[in-house]
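In: with the sequence up front, the predicted model follows.
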Amino acid sequence: MLCLRCSRLARPSPLSTLSALRSALPKPTPSPISRPSQSRSLTLLTATRPRLASSQLEISTSPVLSALTTQSQTTSSTLPPQNGPGPLLLVRGAKRDTYDPSHRVRKRRHGFLARLRSRTGKKMINRRRTKGRVSISH
């Protein structure tokens, strides 16, 4: 299994792959419009991923690099492509790594209503009431 850095290095760049695919595809020939009465033949197309011909693949001189490329090709064909950030980055309630001071965020995390929601927050409010403290700092 390769780490993310090694798999990125072994994978060909998307631009070179795209240009190779375009050159491998045959040019479409326009059908003449003068034959509308002829019956059209039905062709079934299978939903497979386009692959490069073996003559178009780059042959590497190093056996380690060739082993890495073949392993990355097999793993890329079995894994679905990922678009955008992974699911770990989409957590909405998580703490942010950038410091963005906001009065709303401070009140949401440390305010009176947040203290009422948690068990330890309720204990803190009761302790302050018994001491005679009426307000909370946030």
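Out: Happy to help now that I have it.
In: quick one, domains of this structure?
Out: The record's domain parsing of the chain by automatic domain parsing lists 1-22+60-78, 102-138.
In: lowest-confidence stretch among those?
Out: The weakest mean pLDDT among the domains of the chain belongs to domain 1-22+60-78, with a mean of 60.
In: count the neighbours of the closest residue to Leu113 other than its chain neighbours for me.
Out: In space, and not counting its chain neighbours, Leu113 is closest to Lys107: 7.9 Å by CB to CB, 6 or more residues apart in numbering. The way it works is simple: take the backbone N, C-alpha and C, and place the C-beta from them, glycine included. When neighbours are defined as other CB atoms under 10 Å, Lys107 has 13 of them.
In: which residues does Lys107 contact?
Out: Listed by CB atoms under 8 Å, 6 or more residues apart in numbering, the contact partners of Lys107 are 113-114, 138.
In: who wins for neighbours among those?
Out: Using other CB under 10 Å as the neighbour test, the contacts of Lys107 are led by Ala114, with 15 neighbours.
In: can you pull the contacts of that residue?
Out: Neighbour list for Ala114: 107-108, 121 [criterion: CB under 8 Å, 6+ apart].
In: what about Arg127, which helix or strand?
Out: For Arg127, the host element (DSSP states H and E) is helix 119-131.
In: what's that helix packed up against?
Out: Counting contacts by 3 or more CB pairs under 8 Å, 6 or more residues apart in numbering; DSSP states H and E, helix 119-131 packs against helix 112-117.
In: against Ser23, how distant is the residue nearest to Leu113?
Out: Distance, Lys107 to Ser23, by CB to CB, to the nearest Å: 60 Å.
In: for Ala114, same thing?
Out: In terms of CB to CB, Ala114 sits 60 Å off from Ser23.
In: just Gly132 next, same as before
Out: Per CB to CB, Gly132 is found 82 Å from Ser23.
In: same thing with Lys122?
Out: Separation of Lys122 from Ser23 (CB to CB): 69 Å.
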